[in-house]
Structure formats: structure tokens, C-alpha cells
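J.: next one to model:
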Amino acid sequence: MAAKKSAKAAKKVVAKKSAPKKKQSATKKPISKKAIKKVVKSAVKKVAIKTAPKKTSKQKQSLEKDYFKLPFEVYYSEYVPVTSAEFLSDKEVKKFSDFRVMHQDQGGCWGLLMECKNNRGPELYCCISNGHDQVHPKWLSVIEEDSIDFNYAEDFAVRVQGNAIKFDSLSDDETDEDSDEYLDIFSMSNCGAHSFFAYHLGDATPDYLILDADDSRIKVDLEGYLLDEDLEPTNKRLFDPDELDEELFDKFENRDFWDMRSEWISGLLEAQFPKEKSLKYIP
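T.: Numbering: from 1, shown residues only. I've put the predicted structure just below:
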């Protein structure tokens, strides 16, 4: 009897050892809100590291070209008044008073293209706002013009009185062939080192501007709209002239007709008559 009991006991022990462990209950403890937040935060951090940051509006603006600091051109298809002048004489010119006549032609041109190489911002603003004084400023130079026509000419006698240079209308004696003071203008030749040429932009309006003139050459109208191949405005706008800071851009250099003529005389004295630099042109 004892042997049978021990055999049964052995079976029970073996059965206990070989029996698989009971699975835990499928029910789990509820996860706290704090734990959920931690998981969400860590997931967001991981995604942020992998995903490239979006460009902000400031970053996008910094990638665009600053057209107010790049060379530009301005085009006038319509009539632009022009004044040209030169000095004439019928004798050898050794001093300024040897000039006998200042000959002036007036007319106009069409298809005028001008450029500004040194654009600091105010220069472009001047052309956008069409804020020129009487004549083209120093910072605008001519590239080309399609055609030019002079239809009016006038001659002025050159007078030097003390240190003052004046251009007076010819007297009756200077236009009378029988007078000793007669000036035979048609027999005279140009003898000045520099001639005078003024474009009266104050009386003209440009068709369009060419921005970034040394590279992309984008054409825009004065309202800032990009122009297509047919020079028609598109929906893309690069600037709004009404929103430009006038106080920031209104420091552009201008000059009137008489200032430009005075600069012409000063330059001519410097180049041709340096000993007479004290002479001053009096309008």
C-alpha cells in the first residue's frame, strides 16, 4: 500500500512541474493621463527631429532679391524733350571769352533707354514715383534711343563780365551782315571740349522698369506688376508704390536745367581752361 501512495505522489509532483503557467488576466490597469501626455510629447519630439522645419515668411523674403539695391533700367517709348548745346567760334580759342556763340538745339527723342548702375534704393523709388525734376539726374545714363529729332535752334552771344559768364540773345548788330559786330554763325565751328545734352524727364513718363538689369532683367510697370512677353501686366506684384516708405527712399538726387548747365560750364573750365576756374555761370 505504501508503494502505491508514493507512486501517486510522484505523478502529482511531475504534473505540477510540467504544467504551463497560467496566463495573466486580459484586464489591464487603466493608463494615467500623465503617462499618455509623456508618450505624445516624446512622439512629437521624434517627428520634429525627422521633419524639416517650414520656411517662415521672413526666411522667404530673405531669399528674394532686393531690387532696391540692384542695377535697373528705365524705358520711355513716347516723346522725351531734349536740349543740346555747344560752343562755336571763328577764331582760335585760348580763353573762355574766345567763344563767340553758344548754339542750342531743342527737340525730342523716342525709345529712350536709360540705366542706373549704382542703385541704393532712392534712385529706383524716384523712377517708380516719376519724381524727377526738370532733367535727368547724374545717376541715370543713356544706353540708347530709337530716334531723335531737333526742330528748333537758338544762338546766344557769350559774355564774360568780371567772373560772370552769361549767355545773351544776339543783338541786332550781331545779326546784321553789314555790321562790324556781325557774327557769321554758319562759318563757325564747334570748339568746346564738352557738349551739353539734357533729357527733360520731368515732362515724360516711363513705360516700364527693368529690375535686376545685370541678371534676370524683370520688367515691371510703375505699379509694381510683373509684365509678360507682350508687356501686359500679370497678377504678380513685386511692390506697391503706395506702401513704399517715402521717408526711407525720398533722398534721391535731382537737378534742374540751370544746375545741369552750370555743371557743364564748370566741367569745361576744368578740362579746357583750368586757369579760369573762378568763372561762374550766371543764368
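
J.: hey, let's count contacts and neighbours off CA atoms from now on
T.: Will do.

J.: tell me which residue lies nearest the centroid of this protein.
T.: Taking CA atoms, centre = their mean, the centroid of the chain lies closest to residue 124, which sits 3.8 Å from it.

J.: that one in helix, strand or coil?
T.: helix (DSSP: H, G, I helix; E, B strand; the rest coil).

J.: distance of it from residue 229?
T.: 22 Å (CA to CA, to the nearest Å).

J.: next: residue 121.
T.: 26 Å.

J.: the two: which has the busier surroundings?
T.: residue 121 (19 against 7; other CA atoms under 10 Å).

J.: residues near the nearest residue to that one once chain neighbours are set aside, how many?
T.: In space, and not counting its chain neighbours, residue 121 is closest to residue 68: 4.4 Å by CA to CA, 6 or more residues apart in numbering. Per other CA under 10 Å, the neighbour tally for residue 68 reads 17.

J.: phi and psi next, for residue 68.
T.: Residue 68 has phi and psi values of phi -80, psi 10 when expressed as degrees, to the nearest 10.

J.: who's in contact with it?
T.: Counting by CA atoms under 8 Å, 6 or more residues apart in numbering, residue 68 makes contact with 119-122, 124-125.

J.: pLDDT score for it?
T.: Per-residue pLDDT puts residue 68 at 93.

J.: can you give me the helices in the stretch 1-150 of the chain?
T.: 2-18, 33-50, 57-63, 122-128 (DSSP state H, counting those that start in this stretch).

J.: lowest average pLDDT across those?
T.: Among the helices of the stretch 1-150 of the chain, helix 57-63 scores lowest, at a mean of 37.

J.: distance of the closest residue in space to residue 81 that isn't next to it in sequence from residue 204?
T.: Distances taken as CA to CA, 6+ apart put residue 108 closest to residue 81, at 4.1 Å, once the chain neighbours are dropped. Going from residue 108 to residue 204 by CA to CA gives 11 Å.

J.: quick check: neighbours shared by these two?
T.: 79-81.

J.: ok, residue 100 touching residue 93?
T.: No - using CA atoms under 8 Å, residue 100 is not in contact with residue 93; the gap is 9.5 Å.

J.: which of these two has more neighbours?
T.: Taking neighbours as other CA under 10 Å, residue 100 and residue 93 compare with residue 100 leading, 21 against 15.

J.: disregarding residues adjacent in the polypeptide, which is nearest to residue 165?
T.: That would be residue 281: by CA to CA, 6+ apart, it lies 4.6 Å from residue 165.

J.: wait, that neighbour touches residue 160, no?
T.: No - using CA under 8 Å, residue 281 is not in contact with residue 160; the gap is 9.3 Å.

J.: what residues do those two have in common as contacts?
T.: With CA under 8 Å, 6+ apart as the test, residue 281 and residue 160 both reach residue 166.

J.: distance check, residue 70 against residue 232.
T.: 23 Å.

J.: look at these two and report which has more neighbours.
T.: Per other CA under 10 Å, whichever of residue 70 and residue 232 has more neighbours is residue 70, with 19 against 11.

J.: so the more buried one sits right up against residue 216, yeah?
T.: No - with contacts counted by CA under 8 Å, residue 70 stays clear of residue 216, the gap being 10.8 Å.

J.: the bottom helix or strand of this protein by mean pLDDT?
T.: When the helices and strands of the chain are scored by mean pLDDT, DSSP states H and E, helix 57-63 comes last with a mean of 37.

J.: what's next to stretch 196-203, contact-wise?
T.: 80-86, 130-136, 257, 260-261, 264.

J.: and the residue nearest to residue 165, what is it in contact with?
T.: When contacts are counted by CA under 8 Å, 6+ apart, residue 281 touches 164-166, 262, 265.

J.: which among those end up buried?
T.: 165-166, 262, 265 (16 or more other CA atoms under 10 Å).

J.: filter those down to just the ones in strands.
T.: 165-166 (DSSP state E).

J.: list just the nearest of the buried ones among the contacts of residue 281 to residue 114.
T.: residue 262 (22.5 Å; CA to CA).
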